[in-house]
Each structure stands twice: as C-alpha cells, then as structure tokens.
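Engineer: What would the 3D arrangement of this be:
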Amino acid sequence: MKRFLILALIMSMGISLVGHAGNYKSFKVSVYTRAYEVEKMKDLHWLDSTWTIISSQVKVDKIYLETHRDLLIVPDKTLEQAKKFFQDRGVEVGGGITYTIDESNSFETFSYSNPEHRKKVQEIAEHTAKHFDNFILDDFFFTSSKSDIDIKAKGDKSWTQYRTELMTEAGQNLVINPAKKVNPNVKIIIKYPNWYDHFQGLGFNLATGPQIFDGIWSGTETRDPSSAQHLQNYLSYNIIRYFDNLRPGHNFGGWVDSGGSNMGMDRYAEQLWLSMFAKAPEIALFAYHELLGTKLRPEIHRTPWQGMGTSFNYDEMMKPIRLPNGSTTLPTTIARVAGVSLEQIDAFVYKLGKPIGIKNYKPFHSLGDDFLQNYLGMIGLPMDMYSQFPTDQKVILLTEQAKYDADIISKMKKQLQKGGDVVITSGLLAAIPEKIADIAELRASDLKALVNDFGRAGTADKDILITQVRYQTNDAWDILSAGRPLQKGVSGYPMLLRAPYSKGNLYVMTIPDDYGNLYDLPEGVLNAYRRVLSQDLDMYIEGPAKVSLFLYDNGTFIVESFRDEPVTIRLVTNKKIEAVKDMLKGTLVEKLPENQRDHANRYLITLMPHSYKVYEVAK
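Structural biologist: Predicted coordinates for the structure are as follows:
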C-alpha cells in the first residue's frame, strides 16, 4: 500500500516513471537510427545481432527509429516490430524523420512550394506520428531548392526572406498540425545542425522554430576543425549554450557523429564531453550504422600523446568489457569509445551548476565574423551568446553580427552611460564606422598590416595579417600595439584600443584576417583580451591559445587543453577565492605568490594534451 501511495504521489507531481532508463546520473544517452537500418530491422536476427554489438559497448537509454530518408519510407509492420524489440529490453523509443529526396545529391531537399512535395512531407509526418509519441527532424528540415516553382514563389523577396517564411509555414502546417491531429500527444523536436550562422539562408528560422516546435536539438559534431566548415572544437559546447538561450528549458540534447575519428579517438571523445559540459540533458549518438561500422584501428585511432595520462585513455578503453551475465567481450567499434567517455564524465557532470560566460549579442538572422565566437572560446574566453542585447553586465562583446540591429548604437550608449564597457571587434567597426563615430571617431582602414611583434606582450612565431585600425590621438588610447621587429620605432597598429565615453569604455579588439591566427598570438595579447572581457566573471586564465575555460554558477569550473603537447597555465581569480580544489582528486591547486600589481590570486594548472581537469572553489 505504501509503495502504491508513493507511486501515486510521483505521478501526481508530473514526474515521468519511464523518462530515464537510469544508466547515467548526469544525462541520457541515445542512438539515432537511419531509415536504411530501420528497414533492415524487419530481420529480427540482424536486429538482435547488431544490437548485441552496440549495447555490449555503450549503455543506451533511448533509440530513435527513423521513418523516412531519401524517399525510403519504413513500413508500419517493421516500425512496430523494431519498437517492441527495444521496449522489451527496457529501452525508450522515439521516431525520426530526415526530409531529403537524395542525400547523395548535395543533400537534395524537398521544395516546400511544390504541391506534390508538400503532400509527401505531410504524409511522412502523419506516418511517423502514428507510431511515436515523440520524434526528431534530423538536420535537413530546410530547403536548398531553386526550382522554377521556387523562383516564381520567391518573387521579389530575398532568398533568406522567402525561405525563412516558407519553412516556418511548412513546419506549422505540414508537420506540426498534421502530426498532432493524428496523435495529440506527440512531441516534435527540430534538430538544428552545427552551421548556425548561415541558417537563415536555407530557411532555418531561429526566431520562430524554437517557439513553434516542442523542443530543439543541437548539432554538436565538429569533426575535423580544419575542414570546409571550419567548425572549431569549442562549438560542441558553444552551440548548446546559444540554443539554450533561445528558449530556456527546451534544448533537449547534443548530437555527435563519428566524423573526425580519423584524427584519433580523442577527437570523437572530445565532442561527446564538450556537449555534456554544456549541460545537455541527452546526447544522441549518430548513428546506428556508424556505431557498428566504425571499427577500432590503433594505427589510426591511437594518438601520439597517448600514454601521457590524458583524459581519454585508448589503452584502458581497449580492455575487455565485463557483461551483466559475468562474461566478457572485447571492444570492436567506436561504440566503446562513446561508452567509456560518457561513463567517465557522468561521475561529475551532475555536480556542475548552470554554465555562465561572457555575454555576446547575436541578433536573429545575422552574418559577419562568422563563427568567430568558437575561435574566441578556443583562446580561453567562455562564450555565452544571446539573441537579445544583455542589460545586466559590466562588459558586453559585440561582433560584426551586431550591425543587423538598427538600434545598436543606442543600446551601446546606454551600456556605456551606466558605467559599463562594450568590446567590439574590428569587423563591426569596419561594418558601421559612421554609426560608431557617434561614440568615438574610429576607423577600420582598408589598409592591412603584416605583424609579428607585440612589444611587451610578446612575439608571434609567424606573420599575422590584421586590419589597420585608426583613431584620433588622445581621444582613444592604444593599450596594445603590433608591428614588426625590423620596423621598431616606425609603425604600430592597435590590437586593443580604448575610447572612453560617459562613464564607460568602448574597446576595439583587432581580429586577424584569418581567425585561426588568433591561436598564434602571444600570451600577452591573449591575456589582455581575457582581462578586459572577463569583468563579470570570478576568474580567467593566462597562457597560450587552445586552452578553454568552462564556468558554472555554483563555483565549479573546467579547464581543457586542445593542444598536442602538455601545457601549464595560470588561473587568475578575484581575492575572494582563496583556494581551488581538484574536484576529482580532492587536492588543492598550487597557489602562486601574490602579484602586487593587480592583487589577484593565481593558481598553477598543468594539462595533458587534449585533456580536461574539473575544479571547484574550495569552501
């Protein structure tokens, strides 16, 4: 009777008894399955044998079964058989849709102005809602179609306006409404991919999508950062924070595939734990076939820095796995990398508070300084992106994207007049110099400078191309300059410029033409950027690039290195923080002698390649 009353009380509070399979304390782990593999699940022998391989290597709470991809629609009978198979094994089941006509043809999408295509899109949504109470739209609920039908429907609108309006309408009238008519209980989640700065051009509308769908999912796959999209490692964290801020409480997960594993399994593991450092409630492993087909090969997947005490330990991961029945099996695929990495971070992620960082304003549908925030995250600046102008900070960061706000100067003035600071990039200065001149008469010249000497801030190992920022002498102050050793006493160009206005300061932060050159800047330059931008934070780091800082509102924090060699950095905190403890080891971090110049506390931290450490402010 007592047990019945407890169950009744839990249910009355709206707490789901089946929402979490209980494999992890900090998050849920799921596997997304393409329609190609779901269709194969009509063969129960194939299904059982493949699931045995995956489930013996990674603990899975939920599986998403795709109903459509590339005009392949999985039959009702196969879907129901697969559903029952997983439910009988205690695994939650959801659905999925990929709205592509031919993924191999440059991800050919539907034309949402084409009546035949619209009918098919709606049929797929209704078919899926019949079988599942929740389903995800994979990456491709956008349109790249420029058919004659689209050209006529577009008329005089820009492609961005046409597509964002069209996809909002299609989402509501072709997917959401029809699906909920078939199944009033269905929850529909849109998964947004990793290329967020360019969404509007293909119809993803971040102003409306997070509001009309029941939830969103974040594409956190960064793969090889030097590939065509230039998606820096930090994006796996940053994109979740950005989407969280679009509609708090409705960003349900991160999403990682096996791309980039050719760089070593450290890279794959990195994407997983960065997604969870952002406090994603769930991580989706894409996809069933990759967890089966990406075989472990030490000659490719074991990196040169293994054996140095790194966070991901390839040799430890390859040890035999003990199964619930007492037998053992050997790791064979990337599924085991996911299993080990996720179990490892599950021990502490639940102890982290809410992520916090430097607030950066990105208006909806804005372009400029594309994906720059991820590069800034890689130089130790904890990013926190918002689609509304923050009004509660000592300092606000504005990139070129802020030019899309017609009222941006008025908002900047209010921040400065109340005694706050504004840091703008050289890209924003170049975009709206006439507007910024109302605060300070600065210019981002058309001329460039090739620099490598930064005075007391240090010297770079290579030449770096920057914009020549110009200012009126004594109206603004060049607090950090760049030049060339052979030209000492000839020319210098601002890297960090300060222009007082009212009670605050406008800073211009010069960004190299190649954002990757941010990693080549000497420590002194990076430290100056960190010091100015971290006024709202209790701490920042000093040291080279490719070391990131992740902060939380309960005094916990993580420092991670993306470097290929060990690195030692300094953690700089305010005087209130008198001790810092390694959360996992329980040991205090070495405190350095006090620097009388800034009266801050400094702590010495050494990191192994591609590794992290978790800390907390000692009470």
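Engineer: contacts and neighbour counts: CA atoms only from here.
Structural biologist: OK.
Engineer: Now for this protein: which helix has the highest residue count?
Structural biologist: Taking DSSP state H as the criterion, the chain has its longest helix at helix 115-131.
Engineer: State the mean pLDDT of that one.
Structural biologist: Helix 115-131 shows a mean pLDDT of 98.
Engineer: residues in contact with that helix?
Structural biologist: Here helix 115-131 makes contact (Cα atoms under 8 Å, 6 or more residues apart in numbering) with 67-68, 73, 76, 79-80, 95-97, 99, 110-112, 135, 174-176, 178-180, 182-183, 186.
Engineer: Filter these down to the ones in strands?
Structural biologist: If you go by DSSP state E, these have 67-68, 73, 95-97, 135 in strands.
Engineer: now, the most widely separated pair of these?
Structural biologist: Ile73 and Phe135 (14.9 Å; Cα to Cα).
Engineer: So these two - more neighbours on which side?
Structural biologist: Phe135 (24 against 18; other Cα atoms under 10 Å).
Engineer: what sits against that one?
Structural biologist: Residues in contact with Phe135, defined by Cα under 8 Å, 6+ apart, are 64, 94-97, 128-129, 186-189.
Engineer: Go through those residues and say which is closest to Arg297.
Structural biologist: Using Cα to Cα, those come closest to Arg297 at Tyr64, 27.8 Å.
Engineer: what pairs with that closest one across the strands?
Structural biologist: On the basis of DSSP bridges, Tyr64 is bridged to Tyr32, Gly94.
Engineer: That one touches Thr98, doesn't it?
Structural biologist: No - at 11.9 Å, Tyr64 does not count as touching Thr98 under the criterion of Cα atoms under 8 Å.
Engineer: ok, these two, which is more surrounded?
Structural biologist: Tyr64 (26 against 23).
Engineer: what distance separates the start and the end of stretch 273-285?
Structural biologist: 12 Å (Cα to Cα, to the nearest Å).
Engineer: would Ile569 count as being in a helix?
Structural biologist: No - looking at Ile569 with DSSP: H, G, I helix; E, B strand; the rest coil, it is strand, so not inside a helix.
Engineer: is it in a bridge, and if so with what?
Structural biologist: Ile605.
Engineer: CA atoms only: put the longest helix of the chain into CSV for me.
Structural biologist: Taking C-alpha atoms only, helix 115-131 is exported to CSV below (Å, rounded to 0.1, in the frame of the first residue of the first chain):
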residue,chain,number,x,y,z
PRO,A,115,2.3,21.0,-54.1
GLU,A,116,3.4,17.3,-54.7
HIS,A,117,6.4,17.7,-52.3
ARG,A,118,4.2,19.4,-49.7
LYS,A,119,1.8,16.5,-49.8
LYS,A,120,4.6,14.0,-49.4
VAL,A,121,6.1,16.0,-46.4
GLN,A,122,2.7,15.9,-44.7
GLU,A,123,2.2,12.2,-45.3
ILE,A,124,5.6,11.4,-43.7
ALA,A,125,4.8,13.5,-40.6
GLU,A,126,1.4,11.7,-40.2
HIS,A,127,3.0,8.3,-40.8
THR,A,128,5.6,9.0,-38.1
ALA,A,129,3.1,10.4,-35.6
LYS,A,130,1.1,7.1,-35.8
HIS,A,131,3.9,5.2,-34.3
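Engineer: Can you point out the buried residues in that helix?
Structural biologist: In terms of neighbour count (16 or more other Cα atoms under 10 Å), helix 115-131 has its buried residues at 118, 121-129, 131.
Engineer: cool, and stretch 85-98?
Structural biologist: 85-86, 91-98.
Engineer: what's the answer for stretch 176-191, then?
Structural biologist: For stretch 176-191, the neighbour count (16+ other Cα under 10 Å) marks 176-180, 182-183, 186-191 as buried.
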